[in-house]
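A.B. asks: Show me the folded form of this:
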Amino acid sequence: MANTVCKKIDTLAPILSKAYTGYYWLSDADHPVILENRTIQYQPVLNPFIIEGRLFCDQENTSISIRHIDGQYLIYQIFWDQVASENEISEDQLSYLAASGLAAAGIKRLKFRRLWQDQKEKNCEDMRVLLPGPVGFIGFEMEENHD
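C.D. replies: Got it, this is the predicted structure:
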């Protein structure tokens with residue numbers, strides 16, 4: 001995937017000041033913190049840490065994925081405005097049922113965009129094929145009776 005579309009971020013610091021829609025789940029919490037166009041209220045410390053986060057910044061049209069694995073953060077950012085400029089990339093939309101911690105807050109489904117890249121594949125006689133790329137969170141679908 002082109003570096004202009006998906007970028008690895010080394011620390012949480014660059015993302016803490018922006019407003020997001022999404023969620024993050026702390027290691028000592030029973031349920032996630034849900035954001036609706038708000039900044040993350042978290043100061044990076046050893047404990048508690050963010051186990052998982054899926055964020056979308058409407059202002060910058062970017063998706064952030066946060067995972068904490070083996071004591072290290074894996075943070076990736078997808079720049080959706082760059083997708084249109086990459087002529088060999090296509091995309092589709094996905095949605096998944098919300099886990100119980102999110103469903104309790106009135107969230108029915110999580111919405112994502114998946115990127116595909118058109119590349120020559122040596123195992124297919126150098127024909128062009130679509131290879132799966134990153135998947136980025138883009139928002140929630142709320143329950144109808146949720147305020």
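
A.B. asks: in the helix or strand containing residue 34, what's buried?
C.D. replies: Element membership of residue 34 [criterion: DSSP states H and E] is strand 33-38. Buried residues in strand 33-38, counted by 16 or more other C-beta atoms under 10 Å: 33, 34, 35. Yep, even glycine has a C-beta here, placed from its N, CA and C like the rest.

A.B. asks: Check what contacts the one helix or strand residue 53 maps to and list those residues.
C.D. replies: Using DSSP H and E, the element containing residue 53 is strand 50-57. Contact partners of strand 50-57, identified using C-beta atoms under 8 Å, 6 or more residues apart in numbering, comprise 12, 15, 18-27, 32, 35, 40, 42, 62-68, 73, 110, 136-139.

A.B. asks: Return the subset of these lying in strands.
C.D. replies: With DSSP state E as the criterion, strands contain 20-26, 35, 62-68, 73, 110, 136-139 from among the contacts of strand 50-57.

A.B. asks: ok so, going back, how about residues contacting the strand holding residue 34?
C.D. replies: Strand 33-38 is contacted from outside by 19-26, 40-42, 55, 58, 102, 105, 107, using C-beta under 8 Å, 6+ apart.

A.B. asks: ok, so of these, who is nearest residue 122?
C.D. replies: Among these, residue 55 lies closest to residue 122 (C-beta to C-beta), at 36.6 Å.

A.B. asks: how close does the closest one sit to residue 137?
C.D. replies: 7 Å (C-beta to C-beta, to the nearest Å).

A.B. asks: How about residue 118?
C.D. replies: In this view, residue 118 and residue 137 are 24 Å apart by C-beta to C-beta.
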